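*Asks:* model this:
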Amino acid sequence: MKKLISLVLAIMMVGLVGLAFADGPETPAVADGTFVGIPDGTINASNLDAGDTVYYIQLVEWNGLNNGSATTPSASWKLTSAGETAGITVDNLVDGITAAEAAQIAIALTNVAGTAMTTNGTSATATVAPGLYYLRAVAESSDTIYNPAFVSSDYYQGGNTVDFSTAFSDSSVLKKSSVEFDKQVGQENEHLYTYNDVKPGDYIPYKITTKIPAYGAAYTDAQFNVSDTFSAGLVLAIDDDHPFTVTSGSTEGHADSVEGVYTSNAANDGSSFVINFDKTYLLNAARGVTDVTITYWGKVTTNAPKNVNVLDNTATLTYTNKPNTEPSTKTDITRHYTFSIDAEALGQDNLITRELMKIGLDQNGQPITGVNKETVDNNEVTALAGASFTLTPVSPTTGEAKTIDSDSTGRIVFKGLDAGVYTLVENSAPTGYVKDSRTYTVEIIPTYDETVKDMLKSYKIEFRLGETLVTTASFTCTGETKVTQTTIEDHTQFIGNTQGTELPSTGGIGTTIFYIVGGLLLVGAAVILVARRKASEN
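*Replies:* Numbers count the residues shown, from 1 in each chain. Got it, this is the predicted structure:
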């Protein structure tokens, strides 16, 4: 038969269902109501995270044989004041703590401070009197969840250590679980940085991976919720080609559905979603630590009214990490950017960067001043409205060409651009001016911060004529993706139209009229020739 204390005061954790401590227990040898022998005198906890603290609270202490006998050993022990607060009896402990009783103890002692054990790295110890102790581990980081445990100080050597890295007996409820939460762009195993810069109409794949910890019965108000909130210009896309999935576990690429154990408000074109896992599911002792994967898509809708627009979405995990406390949160942000040419700089009100500007030139090719006057970088010029331009993507090759007219300030504004190379041509000039027939190359070149996922550090816009670099506009951004500095090398790229009328292709009045007249003469001659032949035949 096993000794009473080795069983009654066995290592125990919240979540154990109905394990009896002993059958036919023995009472330690005593003389005149006192113990005979040398007690172990210590309790220990191992496999903690460095920096975590363990508190102990004594539930049961020796009562002596004056109140018991060898045939009723439980009467030789009594509850401490903390044990009485827990609302259970010594007989409950001897017969075995059920999950409900374990939760009851943990909840009742939530506000009992306890005594801190002496920690040394990942272990803790304390010198104590014989009895049963409730251990409450407190994590320094919210990434770790501890389930309460029970340990004894016995009058035989051994059995007085709790290993927090293990589950109790055959239960899948761990004494310690780690909370992991990660969001990435892409639904495979690698983060896809190719989606750092995007354009309207692009679909962006996302994947969230997390682990639902093993919650013991003490977590009566357990919460585990996953959400994502999209910024303006980005919406949740759900259709046959862009499914929203929640799966659990993965074995050789196989994932199991977790339908029925959560609720979700995810909807097409939504600005956010929330997934709430059922408390019954969370507290299922057989579940253990559960891997969960969520995959979904976002769609870009913005045209980037600023020089650079950040499209971010913040995934949030809201979870319980201590019994009877407010839930903790973990977040993971992904960011994407769309660009514009000659729009206002983000974060600097009324700062127009003027990478491109349409102006008038006189017959000698010099900027005209005095009409629709604009001053840029100390250059006084005449802004021209109504010049038509087309910007066509070269690399990336996807995306449609954009055609716009210069406005009253001469600005040529293209919005909603992906990073890459484009060609710029003028389609038509304002009345009284000659169209610029040259082809410009425009390239948007972003630089991302290597230490912060997806964070834009700076970018530049380069303008070329052939191989000649004409102008570079450079922008520096802060962590909030605000433009903090702009540099226009040389000057704003003025695209000029010279006064005058566009010359015909021959340099003279053109040949078209001669072709028309000649054609008419040939037709007339043919008609006369046919008429004469008919007359001669008659």
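*Asks:* Could you use CA atoms for every contact and neighbour count after this?
*Replies:* Fine.
*Asks:* and the nearest residue to Glu462 once chain neighbours are set aside, how many neighbours does it have?
*Replies:* Distance criterion C-alpha to C-alpha, 6 or more residues apart in numbering; nearest residue to Glu462, sequence neighbours excluded, is Thr472 at 4.5 Å. Thr472 has 22 neighbours, counted by other C-alpha atoms under 10 Å.
*Asks:* Check which helix or strand Thr472 maps to.
*Replies:* Thr472 belongs to strand 468-477 when assigned by DSSP states H and E.
*Asks:* who does that strand touch, helix- and strand-wise?
*Replies:* If contacts are counted by 3 or more C-alpha pairs under 8 Å, 6 or more residues apart in numbering; DSSP states H and E, strand 468-477 sits against strand 456-465, strand 483-488.
*Asks:* one step back: does the residue nearest to Glu462 touch Tyr459 like I think?
*Replies:* No. Assessed by C-alpha atoms under 8 Å, Thr472 is found out of contact with Tyr459, at 10.3 Å.
*Asks:* one step back: distance from the strand holding Thr472 to the middle of the chain?
*Replies:* Offset of strand 468-477 from its chain centre (C-alpha atoms, centre = their mean, to the nearest Å): 31 Å.
*Asks:* How about stretch 459-478?
*Replies:* 32 Å.
*Asks:* I'd like the average pLDDT over that stretch.
*Replies:* On average, the pLDDT along stretch 459-478 is 86.
*Asks:* Buried ones in it, by neighbour count?
*Replies:* Neighbour-count burial for stretch 459-478, counted by 16 or more other C-alpha atoms under 10 Å, picks out 459-464, 470-477.
*Asks:* I figured Ala232 hits Leu311, correct?
*Replies:* Yes. Contact criterion C-alpha under 8 Å: Ala232 and Leu311 qualify, at 7.1 Å.
*Asks:* Looking at those two, which is more packed in?
*Replies:* Neighbour totals were compared for Ala232 and Leu311, and Leu311 leads with 22 against 15 (other C-alpha under 10 Å).
*Asks:* For the stretch 301-450 of the chain, give me the ranges with low pLDDT.
*Replies:* Applying pLDDT under 70 to the stretch 301-450 of the chain flags residues 346-351, 377.
*Asks:* ok, now the stretch 151-300 of the chain?
*Replies:* Ranges of the stretch 151-300 of the chain meeting pLDDT under 70: 154-159, 168-173, 250-257.
*Asks:* nearest residue to Trp62 other than its sequence neighbours?
*Replies:* The nearest residue in space to Trp62 (C-alpha to C-alpha, 6+ apart) is Trp77, at 4.6 Å.
*Asks:* could I get the helices and strands packed on strand 468-477 as CSV with distance to Asn321?
*Replies:* Shown next, in CSV, are the helices and strands packed on strand 468-477 (distance: least, C-alpha to C-alpha, whole Å):
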stretch, distance to Asn321
strand 456-465, 34
strand 483-488, 39
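*Asks:* quick one: contacts for the closest residue to Asp407 other than its chain neighbours?
*Replies:* Once flanking residues are discounted, Asp407 sits nearest to Ala385: 4.8 Å by C-alpha to C-alpha, 6+ apart. Applying C-alpha atoms under 8 Å, 6 or more residues apart in numbering, we find Ala385 in contact with 358, 405-410, 430.
*Asks:* now Ala385, what's its secondary structure?
*Replies:* Assigned with DSSP: H, G, I helix; E, B strand; the rest coil, Ala385 falls in the coil class.
*Asks:* mind starting the numbering at 8 from now?
*Replies:* Okay, residue one is now 8; in that scheme the one you just asked about reads as Ala392.
*Asks:* pull the CA atoms of stretch 123-137 into PDB?
*Replies:* Taking Å, rounded to 0.1, in the frame of the first residue of the first chain, the C-alpha atoms of stretch 123-137 are listed here in PDB:
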ATOM      1  CA  ALA A 123       7.400  33.400  -3.400                       C
ATOM      2  CA  MET A 124       9.700  30.400  -4.000                       C
ATOM      3  CA  THR A 125      13.400  31.000  -4.500                       C
ATOM      4  CA  THR A 126      14.100  31.000  -8.200                       C
ATOM      5  CA  ASN A 127      17.300  30.100  -9.900                       C
ATOM      6  CA  GLY A 128      17.100  30.400 -13.700                       C
ATOM      7  CA  THR A 129      14.400  28.000 -14.800                       C
ATOM      8  CA  SER A 130      13.700  26.300 -11.400                       C
ATOM      9  CA  ALA A 131      12.400  27.300  -8.000                       C
ATOM     10  CA  THR A 132      12.500  25.800  -4.500                       C
ATOM     11  CA  ALA A 133      11.200  26.400  -1.000                       C
ATOM     12  CA  THR A 134      11.700  24.900   2.500                       C
ATOM     13  CA  VAL A 135       8.300  24.200   4.000                       C
ATOM     14  CA  ALA A 136       6.500  22.100   6.600                       C
ATOM     15  CA  PRO A 137       4.900  18.800   5.700                       C
END
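*Asks:* Could you tell me how many residues sit around Gly507?
*Replies:* Quick note: Gly507 (other C-alpha under 10 Å) scores 14 neighbours.
*Asks:* contacting residues for it?
*Replies:* 370, 439-441.
*Asks:* could I get these as CSV with secondary structure, neighbour count and distance to Thr397?
*Replies:* Putting those into CSV (DSSP: H, G, I helix; E, B strand; the rest coil; neighbours: other C-alpha atoms under 10 Å; distance: C-alpha to C-alpha, whole Å) gives the following:
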residue, secondary structure, neighbour count, distance to Thr397
Gln370, coil, 12, 26
Gly439, coil, 13, 21
Tyr440, strand, 20, 18
Val441, strand, 19, 17
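*Asks:* all helices of the chain, in order?
*Replies:* Listed in chain order, the helices of the chain (DSSP state H) span 11-15, 88-93, 97-102, 106-115, 286-289, 519-544.
*Asks:* These: lowest mean pLDDT?
*Replies:* helix 11-15 (a mean of 36).
*Asks:* which residue packs closest to Ala174, ignoring adjacent ones?
*Replies:* Leu181 is the one closest to Ala174 (C-alpha to C-alpha, 6+ apart), at 4.2 Å.
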